[in-house]
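**Q** Give the three-dimensional model of this entry:
(one chain, ligands or ions: 2)
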Amino acid sequence: MLVVGPNGAGKTNLLESLHVGTQGFSPRTRNDTQLVRFGTDAGRVSLRGRRGEAELELEVTLEPGKGKRAKLNGAPLRAAELLRAEASTLVFTPDRLAIVKAAPAVRRAYFDRALGRLFPAQAGLSAEYGAAVGQRNAALRRVASGLSSRDALEPWNEQVVALGSDLVAARRRTLEPLEAPFASLTAEFGLGGGRLAYEGDAPTREELAGREQRDLERGTTSVGPHLHDVALLAGGRDLRSYGSQGEQRLAVLSLLLAEAAVLVERTGIAPLLLLDDVLSELDPGRRSTLARVLPGGAQTLITSTTAAALPVAPAQLLEVSPGAVRAA
Ligand SMILES: Nc1ncnc2c1ncn2[C@@H]1O[C@H](COP(=O)(O)OP(=O)(O)OP(=O)(O)O)[C@@H](O)[C@H]1O
Ligand SMILES: [Mg+2]
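**A** Ligands and ions are numbered 1, 2, ... in the order given. Just a heads-up that it's a prediction; the model follows:
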């Protein structure tokens, strides 16, 4: 589905509302006040669709100050974020180039979210590990200032090793199924075949013990998956440092489409794909490739300022003008 309209018409708003309505949060901001139309005090997204064979009705109401409420097929949910378990939505926005070019923390956050989508039972693992590191850091500072003895570090060392090892294993398990589709998609896009490589090993007790003096001096934990990274490689180059703007865009797109392929394979249900401003910076050949490699059966929305930017005829063309969306 191609969504066209001039700058400022509301294309990104439309995609954002679909993300809020299917996932319970915006990909752009955690501040729900920004999502409510200026001059009004509440907003609502109501969606109807199908998940596989089942009919699905989703509703998210935003009332700044009162929080967020979500309904699934008419029944209230405990938290809007629970919608994530019902519908998968993958989103590309130009901000997401950060996944390739920004600091490792951005990649860790991205892959930890992917981990949550592919292994929902382990969605909380990264936060649990982060909390253990925080506790160890607090304990390091207590020991350094003489408020506790070194024994106080022991339980946190154990937690960091146990949860850290689980997290490294879970991240590797997440990358594994993505690798083959990522390689073939990046090859289709002419990047020479891409590779994902996890950089880091599970922390061990010995390693932590070896770093203890240094960690005490600095008050932070200097080993573990909170410092790891994922290398994105293509054609023998590291795209993190050497990818061109367009290549970085294609790498992010390949990651999303790889995950879509894995979700289809595992659940039989294609995710909703929201591709905002993806066509700019892509040459005509790569725009055609994108149209060709989009997962069949998935609902995909692509925004553009002109219909001509997509070299193939879309299944549906939506025209956005301020305050209105109409099928062309
Ligand atoms: N809370 C809000 N209430 C009312 N208008 C808003 C709100 N937040 C943003 N806007 C405005 O909505 C308009 C549409 O923005 P949007 O980002 O959807 O445009 P767009 O069609 O994606 O444009 P572009 O092609 O430049 O990306 C903008 O003028 C923006 O300032
Ligand atoms: Mg926009």
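
**Q** Not counting sequence-adjacent ones, nearest residue to the residue of the stretch 1-150 of the chain at minimum distance from ligand 2?
**A** For the stretch 1-150 of the chain, the residue closest to ligand 2 is Thr12, as judged by Cβ to the ion, at 3.2 Å. Where you see a C-beta, it was placed from the backbone N, CA and C, and this is true even at glycine. What sits nearest to Thr12 in space, not counting adjacent residues and going by Cβ to Cβ, 6 or more residues apart in numbering, is Asp276, at 5.6 Å.

**Q** Give me the number of neighbouring residues for Glu53.
**A** For Glu53, the tally of surrounding residues (other Cβ atoms under 10 Å) stands at 7.

**Q** List the buried residues for the helix or strand where Ser184 lies?
**A** When elements are assigned from DSSP states H and E, Ser184 belongs to helix 154-188. Counting neighbours by 16 or more other Cβ atoms under 10 Å, one finds that the buried residues in helix 154-188 are 156-157, 159-161, 163-168, 170-171, 174-175, 177-178, 181-186, 188.

**Q** and what of stretch 74-85?
**A** Going by 16+ other Cβ under 10 Å, stretch 74-85 has these buried residues: 77, 80, 83-84.

**Q** Serialize those to CSV and add fields for distance to ligand 2 and secondary structure.
**A** Conversion of the buried residues of stretch 74-85 to CSV gives the following (distance: Cβ to the ion, whole Å; DSSP: H, G, I helix; E, B strand; the rest coil):
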residue, distance to ligand 2, secondary structure
Leu77, 29, coil
Ala80, 24, helix
Leu83, 23, helix
Arg84, 24, helix
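
**Q** For the residue in the stretch 101-250 of the chain that ligand 2 sits nearest to, pull up the helix or strand it's in.
**A** Each residue of the stretch 101-250 of the chain has a distance to ligand 2, by Cβ to the ion, and the smallest belongs to Arg249, at 15.1 Å. Secondary-structure element containing Arg249, defined by DSSP H and E: helix 245-267.

**Q** Quick one, grab the pLDDT at the residue nearest the centre of the chain.
**A** Here the mean C-alpha position of the chain is nearest to the C-alpha of Tyr110 (Cα atoms, centre = their mean), at a distance of 4.5 Å. For Tyr110, the model assigns a pLDDT of 96.

**Q** and Arg237, how many neighbours?
**A** Arg237 is surrounded by 15 other residues when neighbours are defined as other Cβ under 10 Å.

**Q** before we move on, what about Gly124?
**A** For Gly124, the count of nearby residues is 11 (other Cβ under 10 Å).

**Q** Then Lys66?
**A** Close neighbours of Lys66, defined as other Cβ under 10 Å, add up to 11.

**Q** Helix, strand, or coil at Ile269?
**A** Reducing the assignment to helix, strand or coil with DSSP: H, G, I helix; E, B strand; the rest coil, the entry for Ile269 is coil.

**Q** Please apply the same query to the one 4 residues further on.
**A** Applying three-state DSSP to Leu273 yields a three-state assignment of strand.

**Q** Which residue is the nearest non-sequential neighbour of it?
**A** The shortest distance from Leu273 to any non-neighbouring residue, by Cβ to Cβ, 6+ apart, is to Thr300 (4.1 Å).

**Q** Asn39 should be in a helix, yeah?
**A** You called it Asn, but residue 39 is Gly. No: Gly39 is assigned coil when assessed by three-state DSSP, not a helix.

**Q** Quick one: the strands in the protein, in order.
**A** For the chain, the strands defined by DSSP state E occupy 2-4, 43-51, 54-63, 67-72, 75-76, 89-92, 194-199, 229-234, 237-238, 272-275, 300-304, 317-321, 324-327.

**Q** Asn31 is nearest to which of the ones you listed?
**A** In this view, the strands of the chain are compared for proximity to Asn31 by Cβ to Cβ, and strand 54-63 is the closest at 10.7 Å.

**Q** rewinding a little: hmm, the residue nearest to Leu273 is touching Val293, no?
**A** No: the pair Thr300 and Val293 does not pass the contact test of Cβ atoms under 8 Å, sitting 10.8 Å apart.

**Q** So those two - more neighbours on which side?
**A** The neighbour count for Thr300 versus Val293, taken as other Cβ under 10 Å, is higher for Thr300 (21 against 16).
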